[in-house]
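Novice: Just to be clear, the model below is a prediction. Sequence and coordinates:
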Amino acid sequence: MNDPRKILTMSVSEMPGYGFDCPCGKHHSIDLNRIVSGKGVLAQLPAELETFKEKKILIVADTNTVKIGGDKVKALLDGEGFDTELIVLDTPDYPILLPDEKTVGTLLIHTSDDVGLLVGVGSGTINDLCKFVSYKMKLPFVIVGTAPSMDGYASFMAPLIVDRQKITYPAQYPYAIVTDTDLINTAPLIMKKAGYGDVIGKFTALADWRLAHKVKGDHYCDITAELVQNAVDECVANQDAYFRGEPEAVQKMNDTLILTGVSIGLIGYTRPASGSEHHLAHFWELDGIARGVEHPLHGNSVGLGSIASAEVYKIMRKRFEVVDSVNPPDPDMLRDIYARAGMALTPMDLGISPDLFNRSLNNGYRIRPRYTIFNFTKEQGMLPEIADMVTEIMCGGSK
């Protein structure tokens, strides 16, 4: 039997295909084919796709990523004799591309019978669209990452906007993940901050997982949690180098984002990567979509959500021993991390009104059937009171 703790010392590129029996009672496996991460690795793309050379390849980008990497990927593959088509997706009546029914339909229409592979060039939305459509069409797909902005590259689920609700659908792993440090390091600062927020949000996600285990008996895996926490701690230690754009630190951040997606595959659900901070972020995103206004990038919302969740933990851990026992993060520790990164510290910094913030604290837990500190607080009959307290702390008292 493989040593269960070996995975804690593996690089992400070594993880595809690895499996082991874990003391948590599960057999964990990483059903990815290839992870190619590092400086200049985009040049390896034709070799990675050699198996598909006799098939048509549909390259999928949006109006931003086509300029960053889509045209480059097409030229690279065309130059090696591949048969390619490039589609550029957009949402004309919204400021950014939405992974909604219309966009899914557009991609399905362009995925003709002779397409043998989808190659997404982008980050969150492009990745989700490609993994969902490839799953439905029973096609492999490859993602060429363009920004260290989110942790879904290695996830086998796809959150989509359907009927103006954010719903996570089953999808599939990519055939390969290709993230070139030179390419992702060109991402705008706001996207780098988003990736960082998604990473630091694991502090509260892991606390929620431990709480659900202790209160509700949910399955919990120490090794998977340690894998994620170690990667997060290393990113915090290298924060300044990351925001200076030092290649080694950027690659470490990107590999951590990939790894947290891998952790979802290890367990079979989103617990290691997503908790109450994500529920709040989804609530704000859906509000923006409903009003037809641009919402903050997901990871930047997750970062603020983690502070809010930590504030709830800070209040509740003083009153309930079981909450204290899960060792939740201190909100001021998170504030210090985000302040050094120049990230949002209040709802107003992200354009979230005090009223919307308060409503999200009272109702965000409804977004996903995942037990978190907000479910616990509601079960104690304290959620409206705690929501008002946290709104006062973070918004200066106004609702």
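Specialist: Looks like it arrived, so ask away. Numbering: from 1, shown residues only.

Novice: could I get whichever strand or helix holds residue 305 in PDB with only the CA atoms?
Specialist: Applying DSSP states H and E as the criterion places residue 305 in helix 298-317. Below are the C-alpha coordinates for helix 298-317, written out as PDB (Å, rounded to 0.1, in the frame of the first residue of the first chain):
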ATOM      1  CA  HIS A 298     -15.000  35.600  -7.200                       C
ATOM      2  CA  GLY A 299     -11.800  35.300  -5.300                       C
ATOM      3  CA  ASN A 300     -11.900  38.900  -4.100                       C
ATOM      4  CA  SER A 301     -15.400  38.200  -2.700                       C
ATOM      5  CA  VAL A 302     -14.100  35.000  -1.100                       C
ATOM      6  CA  GLY A 303     -11.400  37.000   0.700                       C
ATOM      7  CA  LEU A 304     -13.900  39.400   2.200                       C
ATOM      8  CA  GLY A 305     -16.300  36.500   3.000                       C
ATOM      9  CA  SER A 306     -13.500  34.800   4.900                       C
ATOM     10  CA  ILE A 307     -13.200  37.800   7.200                       C
ATOM     11  CA  ALA A 308     -17.000  37.900   7.800                       C
ATOM     12  CA  SER A 309     -17.100  34.200   8.500                       C
ATOM     13  CA  ALA A 310     -14.100  34.500  10.900                       C
ATOM     14  CA  GLU A 311     -16.000  37.300  12.700                       C
ATOM     15  CA  VAL A 312     -18.900  35.000  13.300                       C
ATOM     16  CA  TYR A 313     -16.500  32.300  14.500                       C
ATOM     17  CA  LYS A 314     -14.900  34.800  16.900                       C
ATOM     18  CA  ILE A 315     -18.200  35.600  18.600                       C
ATOM     19  CA  MET A 316     -19.500  32.000  18.600                       C
ATOM     20  CA  ARG A 317     -16.300  30.400  19.900                       C
END
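
Novice: average model confidence for the helix or strand where residue 322 lies?
Specialist: Residue 322 belongs to helix 321-325 when assigned by DSSP H and E. What helix 321-325 shows for mean pLDDT is 98.

Novice: That one: what's the following helix or strand?
Specialist: helix 331-340.

Novice: who's in contact with the helix or strand that comes right after that following helix?
Specialist: Downstream of helix 331-340, the first helix or strand assigned by DSSP H and E is helix 354-363. Applying C-beta atoms under 8 Å, 6 or more residues apart in numbering, the external contacts of helix 354-363 come out as 280, 283-284, 287, 308, 312, 347-348, 352, 374, 383-384, 386-388, 390-391, 394-396, 398-399. All C-beta atoms are positioned from the backbone trio N, CA, C, and that covers glycine.

Novice: Right, I'll leave it there.
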